[in-house]
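> Here is my input, please return the structure:
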Amino acid sequence: MTPLTIRPAAAADLPALAGIYQKARAFMAAHGNPTQWGSTNPPPETLRQDIARGQLFVLCEGNIPHAAFALVPGEDPTYAVIDGAWGSDAPYATIHRLASDGTCRGVFAAAINWAAARQPHLRIDTHADNHIMQTLITRAGFDYCGTITVADGSPRLAYERLPR
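The predicted structure is shown next:
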């Protein structure tokens, strides 16, 4: 097995990204979480914006993308109000849109380790029905901080990992 490498996503990756996110949505729906991303999230325009901002990354085996995530530096407006409390107000980066096509193992750990090497203070959130992601998040050393509300008005479980 070729080790996973991480690189910035490019516009040429959009077809592969569409497949990755389609498979991730199907996996979530099959595992009791059909509403977090529905049938269309993230929309292609969001991915194009992430690429333009240099915030979307692909995890590749060889040259083939098998997973993706956004690493967004700075304050996330969605996290400004929390029913709970953050552990620190220090600068942080947020991980969003983490998805895999399911063909490679270790995607979550690779993404978190790569992100933490660039910004050790990380935040992430997930849907209450996404039990697999909740397990991965807590295993990676994130602490549950409370509930936030995303743009569509739905709640998300919010986590934070302070620098080690």
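
> pull the longest strand from the chain.
When the chain is parsed with DSSP state E, its longest strand is strand 64-73.

> Given whatever helix or strand comes next after that strand, what are its sheet partners and their directions?
Going down the chain from strand 64-73, the next helix or strand is strand 83-84, by DSSP states H and E. Paired strands of strand 83-84, with direction, are strand 143-149 (antiparallel) (DSSP bridges).

> pLDDT of the partner strand, averaged?
Here strand 143-149 scores 98 as its mean pLDDT.

> Might one say that residue 51 is in contact with residue 9?
Yes. Contact criterion CB atoms under 8 Å: residue 51 and residue 9 qualify, at 5.1 Å. All C-beta spots, glycine's among them, are computed from the backbone N, C-alpha and C.

> ok, back up a step: partners of the longest strand of the chain, with directions?
Checking strand 64-73 against DSSP bridges gives partners strand 56-61 (antiparallel), strand 93-100 (antiparallel).

> mind putting the ones you listed in a markdown table, mean pLDDT included?
As requested, these are exported to a markdown table (pLDDT from 0 to 100):
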| stretch | mean pLDDT |
| --- | --- |
| strand 56-61 | 96 |
| strand 93-100 | 97 |
